[in-house]
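K.L.:
Mind looking at a prediction? Sequence and model below.
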Amino acid sequence: MTSWFERLVSRFGPPGSREQAEDDDVAAQMEDAYDAAELGDHATAVALWRPLAEAGVARAQSNLGACYAEGLGLERDPELAAEWLIRAAEAGDAVGQRNLAALHFKGEGVPQDDVAALELYSAAAEQGDGAAQDMLSWMLLEGQGAPADPVAARRWALAAAEADVASSMTRLGLIAHNALGMERDPIEAARWWFEAARRGDADGQAMLGAALHLGQGVEHDDRAALVWLLRADAGGSALAAPFLGPVRAELSAEDAARAEEAAARPIAPEPAA
C-alpha cells in the first residue's frame, strides 16, 4: 500500500516527478489498450485510447483513427478516422502519417490523392516505419504519386526488409530479377524470395517455387518447387497457379505426394546463427 508520504511526494515532489508520473500513467493506459486490442477487445481499447487522444497523445489519436477506419470496437466512420489521423500526422506520429496516407490512397474519408499519400508515406518512412517504407517502395516502383523511380524503390525496400517486412523482400527479388534500376541478378532475386518465403509471404513463395522449377538463381529442384508453390497457392498468391501443372508433370506420384506432405507442415524456423 502506498504511504501518505509517497503520495505526497508523488503530488509535490521534486521538479519533473509529477510529469514523469503522468507519462508513466499514459504509458500504462496505452499498454492496457494494446493488450485489450491484442485479445480482440477493441471496445475496451477504444475506451482507453479516446481520453488520451482527446488529451493530445498522438499515438492514441492514430490508434483511435485506425479503429474508426476499420470499424474496430465502434462503427466504421472514415470521416472521423481522417479527423483523428490528421491530428496524429500533424503531430508527427509516424503511424498516424502512414494510416492517413492509406486513407488518401483509397479515397476514404479524404479525397483520393496519390501525391498526398506518397508524401505521408515518405514522412513516416523517414522516421523508420517499416510498413510505410514498404508502401513507399511499391508506389515508387509503380510510378504512383510520382514518376517511377526503381532506384529509390529498391532503397526503401531494403530499409523495409531490414525491418523484417517480407513483402519488401519479395519486391527486392522482382527488382533484381527484372533488372529494375540495377543489373539483372538471378541469385540475388532467389535469395530475397527465399527470405520472403520462409517468413510466409505467399508471392515470395510462388516466385521461389518458379525459380526452383526453372533453375534460375538456384539449383533446379521440382520437388522443392512444388512445396513452395503449394504453400503460395494456399496463401492466396495468384502467381503460383501457372507453375503448378508444369511442376507436377515433372514429378513422380511419390515425389508429388512427399511435396504435398511437406507443404502442409509448418515452415521450420532458420537455425540461430
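P.N.:
Yep, that arrived.
K.L.:
burial of residue 167, as a residue count?
P.N.:
21 (other CB atoms under 10 Å). Placement of C-beta: from N, CA and C, glycine included.
K.L.:
My guess is it contacts residue 199. True?
P.N.:
No: Residue 167 sits out of contact with residue 199 when judged by CB atoms under 8 Å, with a separation of 9.4 Å.
K.L.:
tell me the contacts of the residue nearest to residue 141 when sequence neighbours are not counted?
P.N.:
Spatial nearest neighbour of residue 141, excluding adjacent residues (CB to CB, 6 or more residues apart in numbering): residue 153 at 3.8 Å. For residue 153, the contacting residues are 137-138, 140-141, 171, 175, 180-181, by CB atoms under 8 Å, 6 or more residues apart in numbering.
K.L.:
Where helices are concerned, which of those count?
P.N.:
If you go by DSSP state H, the contacts of residue 153 have 137-138, 140-141, 171, 175 in helices.
K.L.:
Excluding sequence neighbours, find me the nearest residue to residue 52.
P.N.:
residue 60 (3.6 Å).
K.L.:
make that residue 259, sorry
P.N.:
Once flanking residues are discounted, residue 259 sits nearest to residue 226: 3.9 Å by CB to CB, 6+ apart.
K.L.:
Per-residue confidence, that neighbour, what does it come out as?
P.N.:
In this model, residue 226 is scored at 98, pLDDT.
K.L.:
ok, it to residue 251 distance?
P.N.:
In this view, residue 226 and residue 251 are 6 Å apart by CB to CB, to the nearest Å.
K.L.:
what about those two, which has more around it?
P.N.:
Each of residue 226 and residue 251 has its neighbours counted (other CB under 10 Å); residue 226 has more, 27 against 16.
K.L.:
The residue nearest to the spatial centre of the chain: which element?
P.N.:
The centroid of the chain falls nearest to residue 131 when counting by CA atoms, centre = their mean (4.1 Å). In the assignment (DSSP states H and E), residue 131 maps to helix 130-142.
K.L.:
After that helix, which helix or strand is next? Please name it.
P.N.:
Following helix 130-142 in sequence order, the next helix or strand is helix 150-162 (DSSP H and E).
K.L.:
Can you list the buried residues in that next one?
P.N.:
For helix 150-162, a neighbour-count test (16 or more other CB atoms under 10 Å) marks 150, 152-154, 156-161 as buried.
K.L.:
And stretch 30-50, by the same measure?
P.N.:
30, 33, 36-37, 42, 44-46, 48-50.
K.L.:
how near is residue 62 to residue 97?
P.N.:
As judged by CB to CB, residue 62 and residue 97 stand 8 Å apart.
K.L.:
Which residues are in contact with each of these two?
P.N.:
Both residue 62 and residue 97 are contacted by 88-89, under the criterion CB under 8 Å, 6+ apart.
K.L.:
pLDDT of stretch 240-251, averaged?
P.N.:
97.
K.L.:
Dump that stretch to PDB, restricted to CA.
P.N.:
This file holds the C-alpha atoms of stretch 240-251, laid out as PDB (Å, rounded to 0.1, in the frame of the first residue of the first chain):
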ATOM      1  CA  ALA A 240       1.600 -19.900 -58.200                       C
ATOM      2  CA  ALA A 241      -1.100 -21.300 -60.500                       C
ATOM      3  CA  PRO A 242       0.700 -21.100 -63.800                       C
ATOM      4  CA  PHE A 243       3.600 -23.200 -62.500                       C
ATOM      5  CA  LEU A 244       1.700 -25.900 -60.500                       C
ATOM      6  CA  GLY A 245       0.700 -28.000 -63.500                       C
ATOM      7  CA  PRO A 246       4.100 -28.000 -65.200                       C
ATOM      8  CA  VAL A 247       5.900 -28.800 -62.000                       C
ATOM      9  CA  ARG A 248       3.600 -31.700 -61.100                       C
ATOM     10  CA  ALA A 249       4.200 -33.100 -64.600                       C
ATOM     11  CA  GLU A 250       7.900 -33.400 -63.900                       C
ATOM     12  CA  LEU A 251       7.400 -35.300 -60.700                       C
END
